[in-house]
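Enquirer: Pasting the sequence and the predicted model now:
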Amino acid sequence: MNAVDLSVYALVGPDHSGGRPLDALATQLVQGGASLLQLRDKTSSTRDMAASARAIRAAIGTAGVPLLINDRVDVALAAEADGVHIGWDDIAAEDARRLLGPDAIIGLSIKTQQQAETAPLDILDYVCIGGVFVTTSKNNPEPPVGVSGFGALAAIIRGRKPGMPVGAIAGIDSSNAADVIAAGADGVAVISALSLASDPKAATQALRAIVDRAVSARERA
């Protein structure tokens with residue numbers, strides 16, 4: 001499958017942009033050290049989503065940071081994005097792979113033990129486990145799994161497929177990122193703490209430094 005760097009997985013969308021154009025915001029995040037980007041837009045028309053994705057791709061085109069689309073395989077195809085991130089109730093991973101082909105990056109959200117035990121890992125390039133903490137960027141009916149719950153689900157994933165990249169998502173910021181890295185995360189998926197920061201580039205730089213230090217500390221332990 002495709003190699004994916006989840007160190008700082010930055011999500012952008014019109015509802016959490018601080019009024020900034022998404023292409024300009026994405027540029028700041030990439031300049032700050034984001035290793036992966038996702039366009040997460042639950043409200044715009046398909047046409048507008050595709051236009052936003054194209055603008056982001058053009059803005060970060062030389063940086064080598066992949067752009068994924070949340071949920072929408074059609075938008076990913078139209079905008080020639082690098083792949084999609086899907087939830088358990090979205091298009092099946094098998095269908096996404098069939099439509100996007102072997103070179104696309106496909107990630108899946110995992111929230112429960114049953115999902116961790118049954119997710120089609122051979123089709124996926126990475127998974128994100130969460131919500132780990134309470135988040136205001138998304139309505140999550142399930143309670144947060146917490147750091148210990150994250151670690152338990154990550155262990156199931158890695159037991160099934162050693163080396164599978166595993167990210168943590170929901171409510172993550174500079175105060176708790178090191179904790180989820182210590183619990184086994186390869187990186188963190190973040191929206192509000194970066195996109196709504198007064199200086200998104202600086203916020204991303206700070207978070208990337210925390211993640212890199214935590215990964216190094218875990219590897220030395």
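Expert: Here it is on my side, so go on.
Enquirer: Going by C-alpha atoms from here, please, whenever you check contacts or count neighbours.
Expert: Will do.
Enquirer: Name the spans of this structure whose pLDDT lies under the cut-off.
Expert: Counting by pLDDT under 70, the chain shows low-confidence ranges at 136-141.
Enquirer: name the helices or strands packed onto the longest helix seen in the chain?
Expert: Counting residues, the longest helix found in the chain (DSSP state H) is helix 200-220. Helices and strands touching helix 200-220, as assessed by 3 or more CA pairs under 8 Å, 6 or more residues apart in numbering; DSSP states H and E, comprise strand 8-12, helix 22-31, helix 177-182, helix 192-195.
Enquirer: So which of the ones you listed is the most surrounded?
Expert: Most buried of the helices and strands packed on helix 200-220, by mean neighbour count (mean count of other CA atoms under 10 Å): strand 8-12, with a mean of 26.
Enquirer: where do the strands sit along the chain?
Expert: Counting by DSSP state E, the chain has strands at residues 8-12, 36-39, 67-70, 83-86, 105-110, 126-129, 166-169, 187-190.
Enquirer: Excluding covalently adjacent residues, which one is nearest to Asp41?
Expert: Nearest residue to Asp41, sequence neighbours excluded (CA to CA, 6 or more residues apart in numbering): Gly13, at 5.2 Å.
Enquirer: actually Leu36, not the one I wrote
Expert: When the adjacent residues along the chain are set aside, Leu36 lies closest to Tyr9, with 4.7 Å between them (CA to CA, 6+ apart).
Enquirer: which residues sit in contact with that neighbour?
Expert: Ala34, Ser35, Leu36, Leu37, Gln38, Gly187, Val188, Ala189, Val190 (CA atoms under 8 Å, 6 or more residues apart in numbering).
Enquirer: Buried members of these into ChimeraX, please.
Expert: Only the buried entries of the contacts of Tyr9 go into this ChimeraX selection, using 16 or more other CA atoms under 10 Å:
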select :34,35,36,37,38,187,188,189,190
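Enquirer: any idea which of the contacts of Tyr9 is closest to Ile172?
Expert: Within these, the smallest distance to Ile172 is 6.1 Å, found for Val190 (CA to CA).
Enquirer: Please list all residues in contact with the closest one.
Expert: Val8, Tyr9, Ala10, Leu11, Ile169, Ala170, Gly171, Ile172, Asp173.
Enquirer: what sits opposite the second one in the beta ladder?
Expert: Just to be clear, that refers to Tyr9. Taking DSSP bridges as the rule, Tyr9 bridges to Leu36, Ala189.
Enquirer: how far away is it from Ala81?
Expert: Here Tyr9 is placed at a distance of 15 Å from Ala81 (CA to CA, to the nearest Å).
Enquirer: Spit out the contact partners of Ala203.
Expert: Contacts of Ala203 by CA under 8 Å, 6+ apart are Gly32, Ala193, Leu194, Ala197.
Enquirer: Equivalent analysis for Trp88, please.
Expert: Trp88 is in contact with Leu108, Ser109, Ile110, counting by CA under 8 Å, 6+ apart.
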